[in-house]
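Q: got a predicted structure plus its sequence, pasted below:
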Amino acid sequence: MSDVVSPELRRLIAGRRRNFMLDQPFYTDQAVFRADLELIFNRHWIFVGVEPDIAEPGDVMTLSIGGNAILICRDDDGAIHAMHNVCRHRAARLVSEEKTTVGRLVCPYHAWTYGLDGALLHADHMGSDFDPACHGLRKVHIRSLAGLLFVCLAEAPPEDFDEMARIVTPYIAPHDVARCKVAHQIDLIEEGNWKLTMENNRECYHCSLNHPELTASIFEYGFGFDAEEKDPARIAQRRNYDLMVEDLCAAWDRSGFPSREIGHLDDWVSGFRIGRMPMDRDGESQTLDTRIACRKLLGEAKEKKLGDLSFHTQPNSWHHFMSDHVVTFSVLPLAPDRTLLRTKWLVHRDAIEGVDYDLETLVQVWRETNLQDGRLVGLAQAGAASEGYVPGSYSPETEGQVEQFVNWYIRRLAMLAEP
Amino acid sequence: MSDVVSPELRRLIAGRRRNFMLDQPFYTDQAVFRADLELIFNRHWIFVGVEPDIAEPGDVMTLSIGGNAILICRDDDGAIHAMHNVCRHRAARLVSEEKTTVGRLVCPYHAWTYGLDGALLHADHMGSDFDPACHGLRKVHIRSLAGLLFVCLAEAPPEDFDEMARIVTPYIAPHDVARCKVAHQIDLIEEGNWKLTMENNRECYHCSLNHPELTASIFEYGFGFDAEEKDPARIAQRRNYDLMVEDLCAAWDRSGFPSREIGHLDDWVSGFRIGRMPMDRDGESQTLDTRIACRKLLGEAKEKKLGDLSFHTQPNSWHHFMSDHVVTFSVLPLAPDRTLLRTKWLVHRDAIEGVDYDLETLVQVWRETNLQDGRLVGLAQAGAASEGYVPGSYSPETEGQVEQFVNWYIRRLAMLAEP
Amino acid sequence: MSDVVSPELRRLIAGRRRNFMLDQPFYTDQAVFRADLELIFNRHWIFVGVEPDIAEPGDVMTLSIGGNAILICRDDDGAIHAMHNVCRHRAARLVSEEKTTVGRLVCPYHAWTYGLDGALLHADHMGSDFDPACHGLRKVHIRSLAGLLFVCLAEAPPEDFDEMARIVTPYIAPHDVARCKVAHQIDLIEEGNWKLTMENNRECYHCSLNHPELTASIFEYGFGFDAEEKDPARIAQRRNYDLMVEDLCAAWDRSGFPSREIGHLDDWVSGFRIGRMPMDRDGESQTLDTRIACRKLLGEAKEKKLGDLSFHTQPNSWHHFMSDHVVTFSVLPLAPDRTLLRTKWLVHRDAIEGVDYDLETLVQVWRETNLQDGRLVGLAQAGAASEGYVPGSYSPETEGQVEQFVNWYIRRLAMLAEP
């Protein structure tokens, strides 16, 4: 697929300066956007949803990844399948709803009928030479990582996903995502390139100025510290924070909730980072009052104060797992300057709204935080698209994971663009 | 004009596989769309309307064919003219209304004044060197085929149009389109490539699942039959149908309404097909109760049950002529994924709404059918534009005219792309 | 920057025929539009507003010129600065409001803080190697020409601007723009190429048919006369008009309001034309009743009847200065077929709405005239974009300044496109 990489894009990739933002075309150019879709989103494991989205046999969900219309369903044996949402006869989109439940997949055009595993079961008027076995729906690779659904559109998906899954499953599994339900979903369209959405996610330098709701529970020290700090009071605070993290992680580890940070954000093809951090004040959950939003705890959780297990993957997701709820984020590029951020809030499947949880309490922190971030992404896009833009340097103290995202991205492009 | 045909398009044309849908770029690509406009819509006879659209001297209608703004008018002698709707001075569009009536064509910018034949009659301040005779409106070829208006933007239009007109005029003339009025018009924008609109029109495989109103009058057997049918009852039904068609056609022929099918859908430049078919139930007209919608019959019609004379032309029209009304369809491409379908319902010019016909009864079958087809075209476009698309094969039993349309299209491109 | 000029554009430039409209691509093509932005709008002095837009220290205005987001502000010493509105850190747009007042420029993303002269004053967490002096906002050239603000995005702006300023300042200065206030502003988006907006402004051939409000005060003879006129009455009228102009200009010159026309519309890089003309009827101002709209006269004006000082600049502005008010027009391209026309009405800063002037009376003539012109520009764009378009010739009597605009444009492109 190196034909989507023009000599000019090759020059841009080669000319990237470490620890600086990317050159303008990476945020604005149609050709770069096509390369992003083809080399990044069509070649890597993309987070698209959770098992509770298709909890029962016959459940179907649809979505688009770049130019790919995909459907994901659970068959009568409980197995999960992903397929191109395109009839093999006259190309009609098979399922138009975002979610539905069906017995079989029947095309609305000429009634071609497929099983939930994609096999063609029936087609009228096609003559005796026609072989249904050659006309099943085209399959897409899909994996459930402890309940999180990742698809890969490539024929040969990156192999290190399994190793990542082996490492992170012990962290995530105790939260038992498969036994959750999706309490709420918000699709936010941000007016910026998907990489600006990712860069924004990968630092908290902007949090204190912009996120009053989120910073209720987040410790400032978790996201960078000035190495040249001279104020003794702040140095002491920081030391206390580090000791607290060490104590809490050890305790969580002992009670079956692994916590220590592991990260391969830019040195693995399936780049990721996972780790559990304490939260401020009451420290139970990412809510405005920092207490749990749902009193039915998840999975194996016995206590409310399990911190915030955060899981980040390249190129398109991040997740927060707490004792009472989970929030997952999926980034899907729509255009060079438009990106879909899909956020799902999960609680225990037996939790009852109004009894066990109040929906507004559950969603308000990240709903507001996303809106604030969406505005910032829009401002960054406006500037990055302006002719006066020159790439700025990332903060060595607080923007290291931004650099790791960009470095991962450039390395992947460079590798896949090789002739 | 072969410079609109890139080497890549040439490869796509050469690589087309008979009896299969086209490759993806034919439905999605801007360069193919430009070639479609330049080689198909700018070089062939395009159906644009009917004589009753401009019934009286001074009547003007305007429309766009691709990038061409056109006006069509009737002069004081009753002659019909088609011209580019662009002032020769500073390029202003002369007429903005879709329909109007004027004495002369006066430019709204600087009042340059043209006759209804396009001659420049008056222009102020242009000095003594200026020759009005060199500044008439640019003309466009136009023909009335028994009242149906076709324009051709090429300097040298396809010559076999006259031969087609000679063949089909005896079929259409008895319905006397020129003595009709346009009782209703609906412009529907379909979210699909114009060729998907045409492909959809050229088969009825999808009718039973999608068109409850249309199938009230249409016989299933008119649109394909399973050659391997083994059910003796269905085989007998089919035989009865064939005998009925033979009897009715013979009777219609004798009474001055030629009926036997003639078709040159893919072997003539001006590809067409015409033929009269019986209708189901009361069999009078394409209405919900299959009875006439207008009690004032057309032209030479003496009886209500004249079947459905259907006339199809490449690349952009189809028509149904019955004893009481006519429905015409004109397909105009707007973008690779957007198409205008313009439908006109014609009745006898002396028929009075509310007395001789009820408008809702007249239009409901095709209004609903068009909406249903528009939705199907949108679904097919969504699938054909998806990366998972692979061209499917047409049914050998019921999609033969789809193949003829696509074959005509590919042959015309191939011919006109020759260096 | 000649790499924005393709061989095809070079051919179009070379093939331009004097006294004829431009070839189609100049009005429709994306590549020509990019060249227009890069070679015309990024290289010349562009009129963007007036000193009263940023009357006080801390006042900021923002605007976009093509792909450039710009901010213009007045510092605490009263000096005016123009800068790219892009933070040097992560590219966020610094100021989003069209107008605001600030102490310093604080980025909404990570709180980087700049002075009103663009210097970076503060940035957290950037480490010891970071030099704030290298991270000030990027500056843009700006000049106040007797209160009219022009910016130039080039590193080396055209040098003849100073000579133009020397010539026209004596004409404009007596109206004392800096001591005005902006009483009203209207942003009108015209559906046409920016050059059609300019061509429309540069002739009054279309006025009598289209501008009933404007022609209340404008003399027909100011805008072209038929050299072959044979009607003795009209010839006499014209002679009387010429004598009146001569008398009035001499009187205005004596009272400190220079009037005689000077023009270098196509022979200077900073092309311009200035001159004062009498007005019809009461002749005081461009209002519907031709009397002053504001009873507080401007600057050094002692009498109401000072005619209409009109000042035109290439590529994007025109202005009318009268005894009581000023109207300025700034043309900013948005797309090949979309243009922003920004109009500001200025009165004496001490004038009180409802007491000294009625806003409706002040703005109605040009508000209506702009709407009428916008419609004509849209019609011309529709025609120029149609395949039937052929460039028409300009009237030798009344469209000389249209030709001068187009000639200036082509000469500038040709010069800057040289390898």
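A: Structure's in. What do you need?
Q: list the buried residues of the helix or strand harbouring A:V402.
A: A:V402 belongs to helix A:400-416 when assigned by DSSP states H and E. Within helix A:400-416, the residues that count as buried by 16 or more other CB atoms under 10 Å in any protein chain shown are A:400-413, A:416. For every residue, glycine as well, the C-beta is placed using N, CA and C.
Q: tell me what that helix is packed against?
A: On a contact count with 3 or more CB pairs under 8 Å, 6 or more residues apart in numbering or on different chains; DSSP states H and E, helix A:400-416 meets helix A:7-14, helix A:194-201.
Q: got a markdown table for the ones you listed, with mean pLDDT too?
A: Shown next, in a markdown table, are the helices and strands packed on helix A:400-416 (pLDDT from 0 to 100):
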| stretch | mean pLDDT |
| --- | --- |
| helix A:7-14 | 96 |
| helix A:194-201 | 98 |
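Q: a markdown table for the ones you listed, including distance to chain B and mean neighbour count?
A: As requested, those are exported to a markdown table (distance: least, CB to the nearest CB, whole Å; neighbours: other CB atoms under 10 Å in any protein chain shown):
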| stretch | distance to chain B | mean neighbour count |
| --- | --- | --- |
| helix A:7-14 | 19 | 15 |
| helix A:194-201 | 18 | 25 |
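Q: ok, which of those comes nearest chain C?
A: Set against chain C and scored by CB to the nearest CB, the helices and strands packed on helix A:400-416 come closest in helix A:194-201, at 7.4 Å.
Q: the helix or strand just after that closest one: how far from the chain's middle?
A: Using DSSP H and E, the helix or strand that follows helix A:194-201 in sequence is helix A:207-210. Taking CA atoms, centre = their mean, to the nearest Å, one finds the center of helix A:207-210 at 22 Å from the center of the full chain.
Q: export the helix or strand that comes right after helix A:207-210 as PDB, just CAs?
A: Using DSSP H and E, the helix or strand that directly follows helix A:207-210 along the chain is helix A:232-254. Coordinates of each C-alpha in helix A:232-254 appear next as PDB, following Å, rounded to 0.1, in the frame of the first residue of the first chain:
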ATOM      1  CA  PRO A 232      10.300  23.400  49.200                       C
ATOM      2  CA  ALA A 233       6.600  23.100  50.000                       C
ATOM      3  CA  ARG A 234       5.800  21.800  46.500                       C
ATOM      4  CA  ILE A 235       8.800  19.500  46.500                       C
ATOM      5  CA  ALA A 236       7.500  18.000  49.800                       C
ATOM      6  CA  GLN A 237       4.000  17.600  48.400                       C
ATOM      7  CA  ARG A 238       5.300  15.800  45.400                       C
ATOM      8  CA  ARG A 239       7.300  13.400  47.700                       C
ATOM      9  CA  ASN A 240       4.200  12.600  49.700                       C
ATOM     10  CA  TYR A 241       2.300  11.900  46.500                       C
ATOM     11  CA  ASP A 242       5.000   9.500  45.300                       C
ATOM     12  CA  LEU A 243       4.900   7.600  48.700                       C
ATOM     13  CA  MET A 244       1.100   7.400  48.600                       C
ATOM     14  CA  VAL A 245       1.100   6.000  45.100                       C
ATOM     15  CA  GLU A 246       3.700   3.300  46.100                       C
ATOM     16  CA  ASP A 247       1.600   2.300  49.200                       C
ATOM     17  CA  LEU A 248      -1.700   2.100  47.300                       C
ATOM     18  CA  CYS A 249      -0.400   0.200  44.400                       C
ATOM     19  CA  ALA A 250       1.100  -2.400  46.600                       C
ATOM     20  CA  ALA A 251      -2.200  -2.800  48.500                       C
ATOM     21  CA  TRP A 252      -4.200  -3.000  45.200                       C
ATOM     22  CA  ASP A 253      -1.700  -5.600  43.800                       C
ATOM     23  CA  ARG A 254      -2.200  -7.700  46.900                       C
END
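Q: chain C contacts on the stretch 51-200 of chain A?
A: Applying CB under 8 Å from any CB of the partner chain, we find that the stretch 51-200 of chain A lies next to chain C at A:E199.
Q: for the stretch 51-200 of chain A, which residue gets nearest to chain B?
A: A:H84 (2.6 Å).
Q: what about the closest residue to that residue other than its chain neighbours, how many neighbours?
A: Here the nearest residue to A:H84 in space, its sequence neighbours aside, is B:G388; by CB to CB, 6 or more residues apart in numbering or on different chains that works out to 2.6 Å. Per other CB atoms under 10 Å in any protein chain shown, the neighbour tally for B:G388 reads 20.
Q: hmm, B:G388 is touching A:I65, no?
A: No - counting by CB atoms under 8 Å, A:I65 is not a contact partner of B:G388; they are 10.6 Å apart.
Q: pull the helix or strand with minimum mean pLDDT from chain A.
A: In chain A, no helix or strand scores lower on mean pLDDT, DSSP states H and E than helix A:232-254, which sits at a mean of 90.
Q: ok now that one, how far from the chain's centre?
A: That offset, for helix A:232-254, works out to 29 Å (CA atoms, centre = their mean).
Q: for the residue nearest to A:H84, give me its contacts.
A: Contacts here follow CB atoms under 8 Å, 6 or more residues apart in numbering or on different chains; on that basis B:G388 touches A:N68, A:A69, A:I70, A:H84, A:N85, A:V86, A:R138, A:V140.
Q: hmm, try it at 7 Å
A: Residues counted as contacts of B:G388 (CB atoms under 7 Å, 6 or more residues apart in numbering or on different chains) are A:N68, A:A69, A:H84, A:V86, A:R138.
Q: checking it next. Helix, strand or coil?
A: Assigned state for B:G388: coil (three-state reduction, DSSP: H, G, I helix; E, B strand; the rest coil).
Q: and it, how far is that from chain C?
A: 31 Å (CB to the nearest CB, to the nearest Å).
Q: re earlier: what's the least confident helix or strand of chain A in contact with?
A: With contact meaning CB under 7 Å, 6+ apart, helix A:232-254 is reached by A:F219, A:Y221, A:F225, A:E229, A:S259, A:R260, A:R276, A:M277, A:P278, A:L306, A:G307.
Q: if I look at the fifth one, how far off is C:G115?
A: In this view, A:S259 and C:G115 are 46 Å apart by CB to CB, to the nearest Å.
Q: give me the more crowded residue out of these two.
A: Using other CB under 10 Å, the more surrounded residue of A:S259 and C:G115 is A:S259, with 22 against 18.
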